[in-house]
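# Any chance you could fold what I've pasted below:
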Amino acid sequence: MWKKKIIVVHANGMHWKKAFAVMATVNIARILDYLMIAVNVGRVLKMRKQEIIYIAVDNKDANWFLNELCEVGRITDPYLRVDRRKKTIETSNCKVIAVSLSGCYTFAPISPIDFYLYSSKPITTQLELIKNRYNELKTIEMHLSTFATKIDMKILINILNGVEDEDNG
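The predicted structure follows:
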């Protein structure tokens, strides 16, 4: 939301100048949560959470995936946040996003995706919509990094729990 504000500039404790500025209301805590900015001897290092995507057939499949990961004892990281509306799960070092084919146009990751999973559910669609589903899949795959790796559920759980493995570490 854009707001018009009056800025008063002070110099050496004296009222100096009034100016008008247009400022955007920004949720700074949310931005810093994603960027996790760390300052190191005068330079800024941006440390991002590793993003992993699950490419789901539809919203029902994405919800099934979140329920599977949220089973008790599956993820042992004490920092676990689940957002069912955005279809995300966050741990201390990773963020998993369930993206349905129909919701691919609102999907905007912060950085290229290194790991991804495909749904094992079959796609049921009308013949005239097959081309649309293919284009939606290609739209999601555009966000993958050059050397993105396809993983399975077992490797995903190991990554979320911080377990090093020859396959993913």
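# who's in contact with the residue nearest to residue 101 when sequence neighbours are not counted?
Once flanking residues are discounted, residue 101 sits nearest to residue 136: 4.3 Å by Cβ to Cβ, 6 or more residues apart in numbering. (Each C-beta comes from the backbone N, C-alpha and C, glycine too.) Neighbour list for residue 136: 101, 102, 104, 105 [criterion: Cβ atoms under 8 Å, 6 or more residues apart in numbering].
# Widest-spaced pair of those residues?
The largest distance within the contacts of residue 136, taken as Cβ to Cβ, falls between 101 and 105 and amounts to 10.2 Å.
# what ranges do the strands span in the protein?
Ranges of strands in the chain, per DSSP state E, are 2-11, 14-24, 37-40, 43-46, 50-56, 81-83, 88-90, 94-100, 113-118, 144-150.
# what helices or strands is the last one leaning on?
If contacts are counted by 3 or more Cβ pairs under 8 Å, 6 or more residues apart in numbering; DSSP states H and E, strand 144-150 sits against strand 113-118.
# Give the rounded mean pLDDT of the strand it packs on.
For strand 113-118, the mean per-residue pLDDT is 92.
# Tell me which other helices or strands it touches.
Counting by 3+ Cβ pairs under 8 Å, 6+ apart, the packing neighbours recorded for strand 113-118 are strand 50-56, strand 144-150, helix 153-160.
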